[in-house]
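> Have a look; sequence and predicted model below, questions after that.
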Amino acid sequence: MTLDEMAKELGVSKSTVSRALSGKGRIGEKTRQRIRDFAGLQEAGQPAADAGRGGTRNLGVVFPADVYINGNPYFQECMLGICEAASLLNYNVLLTTGTAQDISEIQKLVEQEKVDGMILTRSLEDDRALRYLTERNFPVGLTGLCSFENVIQVDTDNEGASESLTSLLIGKGFRKFALMVEDLSYHVNRSRYDGFCSAVYKNGLSREKQAIFTGQINMDLLDTVIDDMVAKKVECIICGDDVVCARIMSRMQAEGYRIPKDIAIASLYNSPTLDCFLPPVTAVDVPARLVGNVIGKQMIQFLQGKEYQPKTMIDYEILVRKSTNRG
């Protein structure tokens, strides 16, 4: 819950809520206590009486190591949401990184008892970090979906969103697509791939006639990929996320292709990165900051022994824009 939402619920100003939670500024004791009780807090520095386990009041958050290379805005927005929830509930956030092969930093935080719980921000098909944490019965949350029942999960229906966007584009008259998704070991990419294939099948199109590119999309090979799509008479490119979409848009416009007149483009994830392009890009919009806020809140409520939601699905919106206009 944001400061604005708390202020509205309590009938006080946002600044009053902020002063009560931070302990700074003049405010009546009764008002201060009422706000802190509403937020589920104890006195600053004191652990909640009904806390589930641990006592550091630190929450570990794991970023994929490649985020620092690609600068994916999703993870930045997600982190802001987690930090917002943690701040309101008097927790600290410790940020670390991990890869599919290397979970040593995660192990260090857990085994040195630096954190009370851990949030993973990427879901993998075969996830070493999840296995390690669940085998230790360590509190863990995930911004994504997995088969582990004891993992708190917050995600959006990426498969459904992909199917819906693809079906919408088919309804606009497109019949020949190129789908570009990277590593299919990432649960989100696999879900988007499956959603695309489902839409193609349900709408009576041939799966074999669609151009599907998976794996790392190397900038040095983009010209070859684009030439291949043009040779196959692709009408619309569906990009797995905003990073892939930005690469494709940049290169095609630099080569003089007119979007959408020569070829249409859509993205299965929207972000401010795509705001830099004209025409505006048709995309699936997911409130990443809300995803982070919800997973942070649910994790902390679990750690405090309070009621929590083990799985939450966040709504998405399909933004239909000029990059897929026909005619």
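Perfect, I can see it now. Numbering: from 1, shown residues only.
> Can you list the residue ranges for strands in the stretch 101-250 of the chain?
Assigned by DSSP state E, counting those that start in this stretch, the strands in the stretch 101-250 of the chain fall at 117-120, 140-142, 152-156, 177-181, 211-214, 236-239.
> could you redo these as a markdown table and give each row mean pLDDT, mean neighbour count and distance to residue 169?
Placement of C-beta: from N, CA and C, glycine included. Shown next, in a markdown table, are those (pLDDT from 0 to 100; neighbours: other Cβ atoms under 10 Å; distance: least, Cβ to Cβ, whole Å):
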| stretch | mean pLDDT | mean neighbour count | distance to residue 169 |
| --- | --- | --- | --- |
| strand 117-120 | 95 | 25 | 32 |
| strand 140-142 | 96 | 28 | 30 |
| strand 152-156 | 95 | 24 | 19 |
| strand 177-181 | 96 | 24 | 7 |
| strand 211-214 | 92 | 16 | 14 |
| strand 236-239 | 97 | 27 | 6 |
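> so which of the ones you listed gets nearest residue 310?
With Cβ to Cβ, the closest approach to residue 310 among the strands of the stretch 101-250 of the chain belongs to strand 152-156: 5.8 Å.
> In terms of secondary structure, what does that closest one contact?
strand 140-142, helix 288-303, strand 311-314 (3 or more Cβ pairs under 8 Å, 6 or more residues apart in numbering; DSSP states H and E).
> what's the shortest one in contact with?
Counting by Cβ atoms under 8 Å, 6 or more residues apart in numbering, the neighbours of strand 140-142 from elsewhere in the structure are 117-120, 123, 130, 133-134, 150-155, 295, 298-299.
> Nearest to residue 67 among the helices and strands packed on strand 152-156 would be which one?
Per Cβ to Cβ, nearest to residue 67 of the helices and strands packed on strand 152-156: helix 288-303, 12.6 Å.
> sorry, back to before: is it possible to get JSON lines of the strands of the stretch 101-250 of the chain that adds distance to residue 90?
Output for the strands of the stretch 101-250 of the chain, formatted as JSON lines (distance: least, Cβ to Cβ, whole Å):
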{"stretch": "strand 117-120", "distance to residue 90": "14"}
{"stretch": "strand 140-142", "distance to residue 90": "18"}
{"stretch": "strand 152-156", "distance to residue 90": "19"}
{"stretch": "strand 177-181", "distance to residue 90": "40"}
{"stretch": "strand 211-214", "distance to residue 90": "44"}
{"stretch": "strand 236-239", "distance to residue 90": "40"}
